[in-house]
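Visitor: generate a structure from the sequence data that follows.
(one chain, ligands or ions: 1)
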Amino acid sequence: MSQQTPEHAPDANYDFIVVANRLPVDRITDPDGRPGWRRSPGGLVTALEPIMAASTGAWVGWHGATDEELEDFDKDEIHMVPVSLSEEDLELYYEGFSNSTLWPLYHDVIVPPEYHRTWWDNYKKVNRRFAEAVLKVAAQDATVWVHDYQLQLVPKMLREVRPDLRIGFFNHIPFPAPGLFAQLPWRRQILEGLAGADLVGFQREADSANFIRSLRRYTEYSVKGHEATPDASYPLRNVCRAAAHPISINTAQVAELSKDPEIQERARQIREGLGNPKTVMLGVDRLDYTKGIRHRLKAYEEILSDKSLQAGDVCLIQVASPSRENVDRYIQLRNQVELMVGQITGQHDTLSHTTLRYLHHSYPMREMIAMYLAADVLLVTSLRDGMNLVAKEYVAAHENERGVLVLSEFTGAADQLTQAVLVNPHDIDGMKKKIVQAVNMSETEQARRMRRMYRHLQDNDVVGWSQKFLLELASINVHATT
Ligand code: G6P
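Guide: This is a model prediction of the structure:
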């Protein structure tokens, strides 16, 4: 990579740059048949919008199609810098190293990670492409915020050629314990890649501590508290700080939508469409093996079979949005889940009542809020989850203080939503008891728990999250090299 300075790169006038695998826009065709872009609903873009608007902001990311080079474009005050991926990159970098090596490894090897040198080579190549795209647009002393496990080599790649940059990294998924991370044949390169950042943020204290312990064990950095300093012989001189910065949601927006009469009416229709059962339970997940959907369905099936709850009284809506559909483990999971769905409905449904409504779709925000409102109980039973924003959205939609959140202990959200009914999804009997307890919880108890969790989300929303991260990043003296 050549040394680039603002003088060398004519477009290098952006002083705040977000780098993520995906751009925050979706392709659309407008009513006149012309192609265009629509902002995708993700929380990250909502959080960063005010910062993007206040500074000259750019977003570097993949546009979602393969083998297509696109020019930069502006959308809603954000300068979009599309990075292209070939079919081969999709297979080796995205489906391979990101989602069949790192994803399972970082989620406590729920399924065995695969280690292939061709995937690693392509991961390096694509990370370099993202870094080059940043270098094209980064102004002198710009702040660059890199996101997630797909791009862990980017901080070091930037630091090597642009020591003037202030670099932050945020890992949206868990960071594994050093004993598991040790499996990765390229563990040192990944750690050094991350340590090119001034600040590396994690969802939980435990993730941050795992990262720091791995740095100590597998690199030449010396570690003191939350900070790692490179040895004198190491070419990069920056100190890397690790910290927990749990992500959140746009609490006010969700709360506002939950009071919209149209959405409330839609919630009523949803319940009516299910035959107005006494209890509606809801699960909302990407169809991913980390989410514990099979464990949840197993518990539910047993609850119906042993009549802890009467089949005629309950309905579980399970939204499983399509995800990573070409990856083998996801194909297998879909088959397993759909088999279980067939077994449950076949066994327990009647002509007039369904016990399980399985929906393999994704839905717009308004429809999601209507489902949250329609649900008496939300089931989040992840085996491992960086945060789980669905849990937070459900709480934010229940300022009316009704509803019960059943939440896996293995989510980042469990560190904050401590008044949820916490469950261990591996303990099917324990989980069954907790689900029945949730269904039978008194309204006073529901209100007591919901109120406290709601207040937490009012005080800790996604805008506060990005502000706190960026304030900490800004407070680091990036020019004080060791
Ligand atoms: C998780 C990851 C994100 C990712 C998202 C959807 O939340 O942390 O980085 O974008 O899943 O996955 P996908 O593979 O479709 O981008």
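
Visitor: surely Asn250 touches Val45?
Guide: No. Assessed by Cβ atoms under 8 Å, Asn250 is found out of contact with Val45, at 10.4 Å. (Glycine included, C-beta is placed from N, CA and C.)

Visitor: which secondary element of the protein has the worst mean pLDDT?
Guide: helix 43-54 (a mean of 79; mean pLDDT, DSSP states H and E).

Visitor: can you list contacts of that helix?
Guide: By Cβ atoms under 8 Å, 6 or more residues apart in numbering, the list of residues contacting helix 43-54 from outside reads 16, 18, 20, 24, 39, 57, 59, 76-78, 147, 247-250, 253, 389, 462-463, 465-466, 470.

Visitor: give me the buried entries from the residues you listed.
Guide: By neighbour count, with 16 or more other Cβ atoms under 10 Å, those hold 16, 18, 20, 24, 57, 59, 78, 147, 247-250, 253, 389, 462-463, 465-466, 470 as buried.

Visitor: these also near the ligand: which ones?
Guide: Near the ligand, judged by Cβ under 6 Å from any ligand atom, there are no entries from these.

Visitor: in helices only, show me those.
Guide: Here DSSP state H is the test, and those give Gln253, Leu389, Val462, Val463, Trp465, Ser466, Leu470 as lying in helices.

Visitor: just give me the closest of the residues you listed to the ligand.
Guide: Ranked by distance to the ligand (Cβ to the nearest ligand atom), those are led by Leu389 at 8.5 Å.

Visitor: return the residues in contact with the spatially closest residue to the closest one that is not a sequence neighbour.
Guide: Distances taken as Cβ to Cβ, 6 or more residues apart in numbering place Ile249 nearest to Leu389, at 5.4 Å, with adjacent residues excluded. Going by Cβ under 8 Å, 6+ apart, Ile249 touches Gly43, Leu389, Lys392, Glu393, Ala396, Leu457, Asp461, Val462.

Visitor: from the ligand, how far out is the residue nearest the centre of the chain?
Guide: Taking Cα atoms, centre = their mean, the centroid of the chain lies closest to His172, which sits 5.2 Å from it. Distance, His172 to the ligand, using Cβ to the nearest ligand atom, to the nearest Å: 4 Å.

Visitor: next, that residue: phi, psi?
Guide: Backbone dihedrals for His172, given as degrees, to the nearest 10, come out at phi -80, psi -20.

Visitor: report the contact partners of it.
Guide: His147, Asp148, Tyr149, Gln203, Ile247, Gly386, Met387.

Visitor: again, 10 Å this time
Guide: 20, 44, 147-150, 201-203, 247, 386-387, 389, 412 (Cβ atoms under 10 Å, 6 or more residues apart in numbering).

Visitor: over to Ala474?
Guide: Thr143, Arg166, Gly168, Asp198, Leu199.

Visitor: same question, Val19
Guide: Applying Cβ under 10 Å, 6+ apart to Val19 gives the contacts 58-61, 81, 83, 127, 130-131, 133-134, 144-148, 150-151, 154-155, 158, 167, 169.

Visitor: so it bridges to which residues?
Guide: Per DSSP bridges, the residues bridged to Val19 are Val60, Val146.

Visitor: which strand or helix spans Arg188?
Guide: Using DSSP states H and E, Arg188 sits in helix 187-195.

Visitor: closest to Met281 among the contacts of His172?
Guide: Nearest to Met281 among the contacts of His172 is Leu389, at 18.9 Å by Cβ to Cβ.

Visitor: how far off centre is the helix or strand following the helix holding Arg188?
Guide: Counting by DSSP H and E, the next helix or strand C-terminal to helix 187-195 is strand 199-202. Distance of strand 199-202 from its chain centroid, counting by Cα atoms, centre = their mean, to the nearest Å, is 15 Å.

Visitor: so which elements touch strand 199-202?
Guide: strand 138-147, strand 166-170, helix 205-218, strand 240-244, helix 462-475 (3 or more Cβ pairs under 10 Å, 6 or more residues apart in numbering; DSSP states H and E).
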